[in-house]
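Visitor: Need the 3D shape of this:
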Amino acid sequence: MRARSVSWGATLTLVVAGALAAGPSARAQVASPPAAASAAPPGRITYLLEQIVTGPLPPEMKPKMVPLHRLGDVEELLKREQIQFAWHRTEINSDQINPQLAQQIAALPPGEVFVVPAERGVTINVIVGRR
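Guide: Numbering: from 1, shown residues only. Got it, this is the predicted structure:
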């Protein structure tokens with residue numbers, strides 16, 4: 001699957017299209033990155049993330065997630081919908097991921113919740129630190 005940025009509104013960004021579609025077989029079309037992301041990320045950055053990991057989400061979850069502003073709000077929604085998930089803290093290095101995805105992550109506003117596909121579902125993330 002190829003990376004692209006698709007805004008779900010001001011507070012939730014789907015970094016890779018298809019993450020909430022029928023599953024990992026969904027195909028994404030490449031779009032130009034946002035203007036703020038056109039410059040290459042400066043050097044290696046380690047992002048510290050809080051992350052919710054879940055299986056594939058049904059399509060009706062997307063409109064329910066659009067107005068959410070915090071990872072805790074996403075957690076509450078998943079609980080209400082009885083969707084299993086796990087909460088993690090993790091790190092990713094900008095030089096170990098797809099350069100286009102690294103640019104998109106670097107361009108996110110502080111505290112922006114974003115979604116990326118995982119091997120068997122999706123991860124819903126927020127950057128809590130950088131080094």
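Visitor: Please enumerate the strands of the protein.
Guide: For the chain, the strands defined by DSSP state E cover 6-7, 12-14, 46-54, 85-93, 113-118, 121-130.
Visitor: With V66 as the reference, name the closest of those strands.
Guide: Among the strands of the chain, strand 12-14 comes nearest to V66, with 5.7 Å by C-beta to C-beta. (Glycine included, C-beta is placed from N, CA and C.)
Visitor: mind listing what's buried in stretch 67-74?
Guide: Neighbour counts over stretch 67-74 (16 or more other C-beta atoms under 10 Å) mark 68, 71, 74 as buried.
Visitor: any idea how far L49 lies from P63?
Guide: In this view, L49 and P63 are 25 Å apart by C-beta to C-beta, to the nearest Å.
Visitor: Which one of these two is surrounded by more residues?
Guide: Taking other C-beta atoms under 10 Å, L49 and P63 do not tie; L49 has more neighbours (18 against 10).
Visitor: Can you name the residues that contact that one?
Guide: 89-92, 125-128 (C-beta atoms under 8 Å, 6 or more residues apart in numbering).
Visitor: what's the lowest-pLDDT member of the residues you listed?
Guide: Least confident entry in the contacts of L49, by pLDDT: I92, with 91.
Visitor: contacting residues around that one?
Guide: Going by C-beta under 8 Å, 6+ apart, I92 touches 46-47, 49.
Visitor: rerun at 7 Å
Guide: For I92, the contacting residues are 47, 49, by C-beta atoms under 7 Å, 6 or more residues apart in numbering.
Visitor: give me the beta-bridge partners of L48?
Guide: Beta-bridge pairing of L48, defined through DSSP bridges, involves E91, G129.
Visitor: Repeat that for P117.
Guide: Beta-bridge pairing for P117 (DSSP bridges): V122.
Visitor: can I get the strands of the chain in CSV with distance to Q100?
Guide: What follows is the strands of the chain, written out as CSV (distance: least, C-beta to C-beta, whole Å):
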stretch, distance to Q100
strand 6-7, 13
strand 12-14, 14
strand 46-54, 15
strand 85-93, 14
strand 113-118, 12
strand 121-130, 17
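Visitor: what's the least confident stretch among these?
Guide: strand 6-7 (a mean of 35).
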